[in-house]
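S.K.: Please work out how this folds:
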Amino acid sequence: MKLIADRLDRISPSLTIAMTSKARALKASGKDVIGLAAGEPDFDTPQNVKDAAIAAIQRGETRYTDVAGTPELRKAVAARFRQDHGIDYKPEEILIATGGKQVIFDAFLATIQAGDEVIIPTPCWVSYPDIVQLAEGTPVFVRGDENHGFKLRAEQLEAAITPKTKWFLLNNPSNPTGAAYSAAELKALTDVLMRHPDIWIFTDDIYNKLAYDGFRPATVLEVEPRLRDRTVTMNGCSKAYAMTGWRIGYAGAPAHLIKQMDKLQSQSTSNTSSISQAAAVEALNGPQESIEVMKVAYKRRRDMVVEMLNAAPGLRCHKPEGAFYVFPSMQACIGKTSKGGRKISNDEAFCLALLEEEGVACVHGEAFMYPGYFRISYATSDEQLKDACTRIQRFCQGLH
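M.R.: So this is what the prediction gives:
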């Protein structure tokens, strides 16, 4: 009898985690490695948030909570949605999960039937297709071209819709490109969705507080409130508040769907950490200045990285609106050979050779359903980024 279930054949381990693990192993062996593969802020969690967690421990708030989250946190999430986007969710329309990834699992496993299609703009986060396939759905990839800022256009969305389309999944700003949709750009997409009343919308807004040059990413329901009865708005504390390890994701959605997501979560992880929830209440309700501090640093880093990568032979780097990633093209490097004798046959070979020869870890574009590119996270120090980009320039100059 076969031990491993067939469903696991449909998915792969996270390639961003795999590259980060490879870089850590090389570093542990004594190699000088700069890790630019992980999507994690290098800033510390704000002190007021840490203090709130300590206070919760001292008060004895160390027991189970409601599966969907404490009343205090659900109210705080509802208040944040209202303040940031003008969306009115009741606490019973809010779910707290163990990170944003679990929100996606909950929503898709609760709704997708075998053969249902989910439209996913590419480049996309590595986990989206695998989550859809675990739910027995079919990912439908629609390419956002670089000359349109890696953003999906309305006519592309319309063309991808079939009678089997169940969900449209949008990440705004995007991982891996940092591309962000303005209200006008998003309105063109929501106009399409209004013509297709059976399609549900999942908007992953986890990076929406991280945008630069005065750009403000919109979210679906502030652009088109009439989609409220079929939209899941997801966000979390990991990126905006430098709380990746605390594992707090949350969503607003119609109460009947939240109830089913709660039911599913009750039989998987149950509630997320009570201490993390207390910290998240402070993050959402407390001072927001730490976000502005991070944004100033990220903008400076983005500008430096884009400039330095565009100076590397064979690379072309678009300047993104948000998040903390750039997604340069390395297509002009394909077919060349590195100084170390490694053939650059594709984006994965490029990234592996870069790691082995120069000690810079990044993630190849194929992992994001977009070959010919690679992702760099600039959520690390200015000094490390400058060193890494200098190494990348040297690596590209050595290709022949």
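
S.K.: Pull up the gap between residue 125 and residue 368, please.
M.R.: Counting by Cβ to Cβ, to the nearest Å, the separation of residue 125 from residue 368 is 7 Å. Yep, even glycine has a C-beta here, placed from its N, CA and C like the rest.

S.K.: wait, residue 224
M.R.: From residue 224 across to residue 368, the span is 27 Å (Cβ to Cβ).

S.K.: hang on, the earlier thing: between residue 125 and residue 368, which contacts overlap?
M.R.: residue 176 (Cβ atoms under 8 Å, 6 or more residues apart in numbering).

S.K.: now the helices for the chain?
M.R.: Along the chain, counting by DSSP state H, helices occupy 15-28, 47-58, 71-85, 100-111, 127-134, 154-160, 183-194, 220-223, 255-266, 274-285, 289-310, 347-358, 382-397.

S.K.: Report the inter-axis angle for the first one versus helix 127-134.
M.R.: Per axes from the mean of the first three to the mean of the last three Cα atoms, to 10 degrees, the angle that helix 15-28 makes with helix 127-134 is 120 degrees.

S.K.: Please name every helix or strand in contact with helix 15-28.
M.R.: Using 3 or more Cβ pairs under 8 Å, 6 or more residues apart in numbering; DSSP states H and E, the elements in contact with helix 15-28 are strand 34-35, helix 347-358, strand 360-361, strand 363-364.

S.K.: Residue 394: which of those is closest?
M.R.: Evaluated with Cβ to Cβ, the helices and strands packed on helix 15-28 place helix 347-358 nearest to residue 394, the distance being 6.7 Å.

S.K.: Quick check: mean pLDDT of that closest one?
M.R.: Averaging pLDDT along helix 347-358 yields 94.

S.K.: give me the number of residues near residue 165?
M.R.: When neighbours are counted by other Cβ atoms under 10 Å, residue 165 registers 19.

S.K.: Might you report the residue contacts of the nearest residue to it once chain neighbours are set aside?
M.R.: Spatial nearest neighbour of residue 165, chain neighbours left out: residue 117 (4.9 Å); criterion: Cβ to Cβ, 6 or more residues apart in numbering. Contacts for residue 117 (Cβ under 8 Å, 6+ apart) come out as 137-140, 162, 164-167.

S.K.: can you put those residues in TSV and add pLDDT and distance to residue 185?
M.R.: Formatted as TSV, the contacts of residue 117 follow (pLDDT from 0 to 100; distance: Cβ to Cβ, whole Å):
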residue	pLDDT	distance to residue 185
137	97	26
138	98	26
139	98	23
140	98	20
162	98	24
164	98	26
165	98	21
166	98	24
167	98	20
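
S.K.: Make a markdown table from these and add distance to residue 275 to it.
M.R.: Converted to a markdown table, those look like this (distance: Cβ to Cβ, whole Å):
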| residue | distance to residue 275 |
| --- | --- |
| 137 | 34 |
| 138 | 39 |
| 139 | 35 |
| 140 | 40 |
| 162 | 45 |
| 164 | 43 |
| 165 | 40 |
| 166 | 36 |
| 167 | 33 |
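
S.K.: Go through those and flag which are in strands.
M.R.: 138-140, 165-167 (DSSP state E).

S.K.: Looking at those, spot the one nearest residue 174.
M.R.: Nearest to residue 174 among those, counting by Cβ to Cβ, is residue 139 at 16.0 Å.

S.K.: who's that closest one bridged to?
M.R.: residue 118 (DSSP bridges).

S.K.: about what we covered before: whichever of the contacts of residue 117 count as buried, I'd like them selected in ChimeraX; how would that read?
M.R.: This is how ChimeraX selects the buried members of the contacts of residue 117, with burial counted by 16 or more other Cβ atoms under 10 Å:
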select :137,138,139,140,165,166,167
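
S.K.: what about the nearest residue to residue 334 once chain neighbours are set aside, how many residues close to it?
M.R.: Closest residue to residue 334 apart from its sequence neighbours, by Cβ to Cβ, 6+ apart: residue 344 at 5.9 Å. For residue 344, the count of nearby residues is 23 (other Cβ under 10 Å).

S.K.: Kindly report the same for residue 87.
M.R.: By other Cβ under 10 Å, 20 other residues sit near residue 87.

S.K.: for residue 134, same thing?
M.R.: 17.

S.K.: and it, how far is that from residue 125?
M.R.: Using Cβ to Cβ, residue 134 is found at 15 Å from residue 125.

S.K.: mind checking how far residue 262 is from residue 283?
M.R.: Taking Cβ to Cβ, one finds residue 262 at 22 Å from residue 283.
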